[in-house]
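Asks: how does the following fold in three dimensions:
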Amino acid sequence: MSKHIALGIDIGGSGIKGAPVNLKTGELTEDRYRIPTPDPSTPDAVARTVAQVIARFEPSQKVPVGVTFPGVVQDGIVKTAANVDDKWIGTDLRQIIRDYAGHDVVVLNDADAAGYGEYKYGAAHEQDGVVLLTTLGTGVGSALIVDGTLVRNTEFGHVEIDGAIAEEFAAESARDRHGLSMEEWTVHLQRYYSEMEKLLWPDLIIVGGGISKHWEEFLPKLALRAPIVPAELFNQAGIVGAAAHAYNVHKRQADAAKAAEKKAKKKKSK
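Replies: Numbers count the residues shown, from 1 in each chain. This next block holds a predicted model:
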């Protein structure tokens, strides 16, 4: 793998998938490799599977590897685990994958990875200002990017609107759960995104999730200040965003190490 390649791994409720990403274009350089998520999806079982996906591409130790997780991750520690085994809560995600894979990784929330991927290579195209991505699926995931900086672990699907958690009616799953027509569901989306505009004043809103493929049926009906557009990377967003984020983390660490070394040499020469 060249120096412009990083590996992205996306842990999902049904599958764990990964691929190398060309960091100049955001395109996958090899076919995506997928293994079904173990059942039960315990930390050891999932970490072993992630290690298999990483091994499939044989990255050198210099290749950045990013891994997404469907929950809040702070300093590598899993804080919530909605779609995987509850045993994940309190687990050091970075450490357990490193133990099984023999390769260091950068870990982050799956919606954050998707949002960052869309910012770098998709619908946001490195737009300045405030970019909000929401994924409409079983729940509502969110990512916030402000002037290129990812604000990690936002949970804007869990804000309370009119006495209910937003994703209860704004998630795509709400259509079946409450027997809503597309028109009725769109009314709830309008209420949700109007509240997000009131709180965040985004310059751009991106809508992801499988339903975004049918964006013509609902996005044009929303009346908002900010442009609201469908995601472009679809099910590759997590892989691409994880790879790009891992590369940036490695670059910042390398730059900091060089600066410290330069400072030490300068001090020594005095």
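
Asks: pull out the buried residues from the lowest-mean-pLDDT helix or strand in the chain.
Replies: For the chain, the helix or strand with the lowest mean confidence is helix 237-269, at a mean of 85 (criterion: mean pLDDT, DSSP states H and E). Within helix 237-269, the residues that count as buried by 16 or more other Cβ atoms under 10 Å are 237-248, 250. C-beta coordinates here come from the backbone N, C-alpha and C atoms, glycine included.

Asks: go on, stretch 28-41?
Replies: Buried residues in stretch 28-41, counted by 16+ other Cβ under 10 Å: 28-29, 32-33, 37-38, 41.

Asks: could you do stretch 217-230 as well?
Replies: For stretch 217-230, a neighbour-count test (16+ other Cβ under 10 Å) marks 218-219, 222, 226, 228-230 as buried.

Asks: same check on stretch 157-175?
Replies: Neighbour-count burial for stretch 157-175 [16+ other Cβ under 10 Å]: 157, 159, 161, 166-175.

Asks: now do the end-to-end distance for it.
Replies: Terminal residues of stretch 157-175 lie 16 Å apart, using Cα to Cα, to the nearest Å.

Asks: give me the contact list for it.
Replies: By Cβ atoms under 8 Å, 6 or more residues apart in numbering, the surrounding residues in contact with stretch 157-175 are 134, 136-142, 156, 178, 180-182, 185, 188-189, 191-192, 195, 199, 209-211.

Asks: tell me which of the buried residues of stretch 157-175 fall in strands.
Replies: I161 (DSSP state E).

Asks: tell me which two in the buried residues of stretch 157-175 are the farthest apart.
Replies: Within those, two members stand farthest from each other by Cβ to Cβ: V159 and R175, at 19.9 Å.

Asks: and the next helix or strand past the strand or helix carrying A47?
Replies: Applying DSSP states H and E as the criterion places A47 in helix 43-57. Next helix or strand after helix 43-57 toward the C-terminus (DSSP H and E): strand 65-69.

Asks: in terms of secondary structure, what does that next one contact?
Replies: Under the contact definition 3 or more Cβ pairs under 8 Å, 6 or more residues apart in numbering; DSSP states H and E, strand 65-69 sits against strand 5-11, helix 93-101, strand 106-109, helix 110-121, helix 237-269.

Asks: once you drop chain neighbours, what's closest to the residue most central in space within the chain?
Replies: The chain has A113 as the residue nearest its centroid, 2.2 Å off, counting by Cα atoms, centre = their mean. Residue nearest to A113 in three dimensions, not counting chain neighbours: G241, with 3.6 Å by Cβ to Cβ, 6 or more residues apart in numbering.

Asks: L189 too?
Replies: Distances taken as Cβ to Cβ, 6+ apart put A170 closest to L189, at 5.8 Å, once the chain neighbours are dropped.

Asks: what's the spacing between that neighbour and I5?
Replies: 37 Å (Cβ to Cβ, to the nearest Å).

Asks: can you list the weak-confidence ranges in the stretch 151-270 of the chain?
Replies: 270 (pLDDT under 70).

Asks: thinking again about what came up before, closest to V65 out of the helices and strands packed on strand 65-69?
Replies: With Cβ to Cβ as the measure, strand 5-11 is the member of the helices and strands packed on strand 65-69 nearest V65 (4.6 Å).

Asks: now that closest one: mean pLDDT?
Replies: Mean pLDDT, computed over strand 5-11, is 97.

Asks: quick one: contacts of it?
Replies: 1, 16-23, 29, 37, 46, 50, 53-54, 57, 59, 63-70, 84, 105, 110, 113, 238-244, 246-247.

Asks: in CSV, list the C-alpha atoms belonging to it.
Replies: Taking Å, rounded to 0.1, in the frame of the first residue of the first chain, the C-alpha atoms of strand 5-11 are listed here in CSV:
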residue,chain,number,x,y,z
ILE,A,5,-3.7,4.7,1.3
ALA,A,6,-5.4,4.0,4.6
LEU,A,7,-7.6,1.1,5.6
GLY,A,8,-11.2,1.6,6.8
ILE,A,9,-13.2,-0.9,8.8
ASP,A,10,-16.9,-0.5,9.5
ILE,A,11,-18.5,-2.5,12.3
